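Participant: Would you be able to build a 3D model of this:
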Amino acid sequence: MNHMERYNKWITESSFDEETKSELLGIKDNEKDIEDRFYKDLEFGTGGLRGVIGAGTNRMNRYTVGRATQGLANYILKQNIPDPSVVIAYDSRHFSPEFSREAARVLNANGIKVYLFDALRPTPELSFAVRALKATAGIVVTASHNPPQYNGYKVYWRDGGQAVSPTAEDMIREANAIEDFSEIKCISECSIQEKGLLQMVGKDLDDLYVEKVKTLSLNPDIIEAVSDTLKIVYTPLHGTGNKLVRRVLREAGFKHVSVVPEQELPDPNFSTVKSPNPEEQEAFTLAIELAKQQNADLIIGTDPDCDRVGVVVRNNKGEYVVLTGNQTGALLIDYILGSLKRLGKLSEKTTVIDTIVTSKMGAKIASSYGVKTISVLTGFKYIAEKIKEFETDGREFAFGYEESYGYLAGTFVRDKDAVIASMLICEMAAYYKKSGMSLYDGLLGLFEKHGWFKESQTSIAFKGKEGMEKMKELINRFRFDAPETVNGLKVAEVRDYMDYQGEIALPKENVLFFILEDGAWFCIRPSGTEPKLKVYYSVTSNSMENAEERMKGLKAAVESMIA
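Facilitator: Predicted structure coming up:
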């Protein structure tokens, strides 16, 4: 069925509501828009769903959400699990509550109990809730830090982690097998309540979660020692982190935490920023203004679903600068492992987990404490998968992180958690302040000790059908005609993760990793959730200036090959 046939089906069949039909009739003369909306199904991939909100098979709407949920229900029912249940949470985006209720209706229509959060909540609390409620699965409706026109849908399995192989593939197969939207089972909300299959959850789970988060504090006495002078500015960037991050910090003992007032409340348009992404300095513009007024020591900012956190510190010139995810991760590894060592809690089984595109600085720091680091594919679900393995092989999880501002300590959550990370980052700032240092001073000290690591990333957007085809062609060019030299340096090793096994077994993934003779590397991979090609770069040197110069050369050389 081509895109026009699909379009005509949506505007004529009774399965689709009048509002949807009206939206589609409004574009009847726009062939390009019709093609983009209907040339394919919005993929229910291993990262879930993510796309622009709107009518069409290639959009986020109640029908594509219903199809994915029916596929999940079919999978769950085939497992013959007694009394199956699913927890659903959602963020502050457009239609997040509506998509969550749609998913609940579909699940209930299939006889599956639903625990639905009574208001928006951070994604990591959903992971926690799946485990705490002993649910079969979890759903979170979010598009993370994407622009406001996007929304998404992620599925978690009973261990609290995002679904991985082979579970994820089986779920996807069930969803893709639904060829007609009339196959989606759905009943009204009042009927759901009469069946007793819908239970609202909220404060009690919040309380359980917060208490568990506070158990991860490593040096509460240090917080108390500097609580009168340590000043923190926090921005939730209009998302879900506001209440829980501030509550955890308050109950942990931090007395001076100021929230950016313009960004405190949920806003699906994220109207004060170009992008609600704590990886970007622009997102911290208002927070930096407030920090300057208050002479704050530290700024933290969480993304809309509160699984990522960005950190802003003052450098030795008194300027506020945004740390990279790799830099914050390195600081946290040193702080956590150093604290565990002082507490006598390090062992030969203690392990750190990072990803293949994460800076190797963290692994070098961990090694200095005698701690091993293992690297998994990009995506926190793979870190969660290893934590699950640790439960049976005796290894002890100390910390997991990825370069894209995701961090986790503890095992009661199985996804990156900005609530936990916010507390540990603030505690780490307290530790350095008590020693008369800033986090920036601490970072410089790590560079001096372990080497000047410099990382960068480029994202190249590919829009529409033609863009996706161009991205595939580009990847294949690098795969089958790999460069022999880059920036005058020989390529020492090429790792194609469609067929590569290192120290640990990894799933096949469309990722190419190039290591140069001087140890620098770059990695190319298509995003699992967005129509983007991501390129990661890393160099190491004996000075900041030299590392920056080498990075410029590496990026220019690779980008010239991509153009």
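Participant: for the spatially closest residue to S165 that is not a sequence neighbour, phi and psi?
Facilitator: Leaving aside its sequence neighbours, S165 sits nearest to P507 (CB to CB, 6 or more residues apart in numbering; 5.5 Å). In this view, the C-beta of every residue, glycine as well, is placed from N, C-alpha and C. P507 adopts backbone torsions of phi -70, psi 160, taken as degrees, to the nearest 10.
Participant: Could you double-check that P507 sits in contact with E169?
Facilitator: No: between P507 and E169 there is no contact under CB atoms under 8 Å: 10.0 Å.
Participant: Please give me every residue in contact with the residue nearest to S165.
Facilitator: Listed by CB atoms under 8 Å, 6 or more residues apart in numbering, the contact partners of P507 are V164, S165, L377, Y382.
Participant: distance between the ends of stretch 33-48?
Facilitator: End-to-end distance of stretch 33-48: 24 Å, with CA to CA, to the nearest Å as the criterion.
Participant: and what of stretch 431-443?
Facilitator: In stretch 431-443, first residue to last residue: 13 Å (CA to CA).
Participant: Tell me the helices and strands packed up against the lowest-mean-pLDDT helix or strand in the chain.
Facilitator: The helix or strand of the chain with the poorest confidence is helix 189-195; it has a mean of 71 (mean pLDDT, DSSP states H and E). Judged by 3 or more CB pairs under 8 Å, 6 or more residues apart in numbering; DSSP states H and E, helix 189-195 is in contact with helix 96-109.
Participant: Between helix 96-109 and the next helix or strand after the helix it packs on, find me the angle.
Facilitator: The C-terminal neighbour of helix 96-109 among helices and strands, as given by DSSP states H and E, is strand 113-117. Angle between the axes of strand 113-117 and helix 96-109 is 170 degrees (criterion: axes from the mean of the first three to the mean of the last three CA atoms, to 10 degrees).
Participant: Partner strands of strand 113-117 and their direction?
Facilitator: When pairing is defined by DSSP bridges, strand 113-117 lines up against strand 85-90 (parallel), strand 198-201 (parallel).
Participant: S435 is nearest to which of these?
Facilitator: In terms of CB to CB, the element of the strands paired with strand 113-117 nearest to S435 is strand 85-90, at 38.8 Å.
Participant: that older thread, please export the C-alpha coordinates of the least confident helix or strand of the chain as CSV.
Facilitator: Extracted C-alpha coordinates of helix 189-195, given in CSV (Å, rounded to 0.1, in the frame of the first residue of the first chain):
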residue,chain,number,x,y,z
GLU,A,189,-12.5,4.8,30.9
CYS,A,190,-15.6,4.2,32.9
SER,A,191,-15.7,0.5,31.8
ILE,A,192,-12.1,0.2,32.8
GLN,A,193,-12.8,1.4,36.3
GLU,A,194,-15.8,-0.9,36.6
LYS,A,195,-13.5,-3.9,35.7
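Participant: Next, the buried residues of it.
Facilitator: Buried residues in helix 189-195, counted by 16 or more other CB atoms under 10 Å: I192.
Participant: And for it, what's in contact with it?
Facilitator: R101, A104, R105, N108, A109, V114, L198.
Participant: Return the member of the residues you listed nearest to G338.
Facilitator: Taking CB to CB as the measure, V114 is the one of the contacts of helix 189-195 closest to G338, at 43.5 Å.
Participant: tally of neighbours for the nearest residue to that closest one once chain neighbours are set aside?
Facilitator: Among residues not flanking V114 along the chain, A104 sits closest, at 4.5 Å (CB to CB, 6+ apart). Burial of A104 is recorded as 23 neighbouring residues (other CB atoms under 10 Å).
Participant: nearest residue to R6 other than its sequence neighbours?
Facilitator: Per CB to CB, 6+ apart, closest to R6 is F38, 4.2 Å.
Participant: ok so, going back, I figured the residue nearest to V114 hits Y90, correct?
Facilitator: No: applying CB under 8 Å, one finds A104 not in contact with Y90, separated by 10.5 Å.
Participant: Quick one: the helices in the stretch 401-550 of the chain, in order.
Facilitator: 418-434, 439-450, 464-480, 544-562 (DSSP state H, counting those that start in this stretch).
Participant: Now mean pLDDT too, for those helices, in a markdown table please.
Facilitator: Shown next, in a markdown table, are the helices of the stretch 401-550 of the chain (pLDDT from 0 to 100):
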| stretch | mean pLDDT |
| --- | --- |
| helix 418-434 | 98 |
| helix 439-450 | 97 |
| helix 464-480 | 85 |
| helix 544-562 | 95 |
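Participant: of all these, which gets the most neighbours per residue?
Facilitator: Mean neighbours per residue, mean count of other CB atoms under 10 Å, is largest over these for helix 418-434, with a mean of 25.
Participant: what's the angle from it to helix 439-450?
Facilitator: Compare the direction of helix 418-434 with that of helix 439-450 by the same axes, to 10 degrees and you get 80 degrees.
Participant: what mean pLDDT would you report for stretch 17-28?
Facilitator: Per-residue pLDDT values over stretch 17-28 give a mean of 96.
Participant: List the buried residues for that stretch?
Facilitator: Those would be T20, E23, L24, I27, for stretch 17-28 by 16+ other CB under 10 Å.
Participant: how about those residues in a markdown table, adding distance to L343 and secondary structure?
Facilitator: Listed next are the buried residues of stretch 17-28 as a markdown table, based on distance: CB to CB, whole Å; DSSP: H, G, I helix; E, B strand; the rest coil:
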| residue | distance to L343 | secondary structure |
| --- | --- | --- |
| T20 | 58 | helix |
| E23 | 58 | helix |
| L24 | 61 | helix |
| I27 | 62 | coil |
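Participant: Next up, identify which helix or strand V352 is on.
Facilitator: Short version, using DSSP H and E: V352 is in strand 350-355.
Participant: what residues go with each domain of the chain?
Facilitator: 40-201, 209-450, 452-562 (automatic domain parsing).
Participant: Show the end-to-end separation of the second one, please.
Facilitator: The straight-line separation of the ends of domain 209-450 (CA to CA) is 36 Å.
Participant: Pull the distance from that domain to the chain's centre.
Facilitator: Relative to the centre of its chain, domain 209-450 is centred 14 Å away, using CA atoms, centre = their mean, to the nearest Å.
Participant: 430 is where my numbering starts, stick with that
Facilitator: All right, first residue 430 from here; so that's domain 638-879.
Participant: can you list contacts of stretch 633-649?
Facilitator: Contacts of stretch 633-649 (CB under 8 Å, 6+ apart): 546, 554, 557-558, 561-562, 652, 673, 676-677, 680-682, 764-765, 768-769, 772, 838-839, 841, 848-849, 852-853, 856, 859-860.
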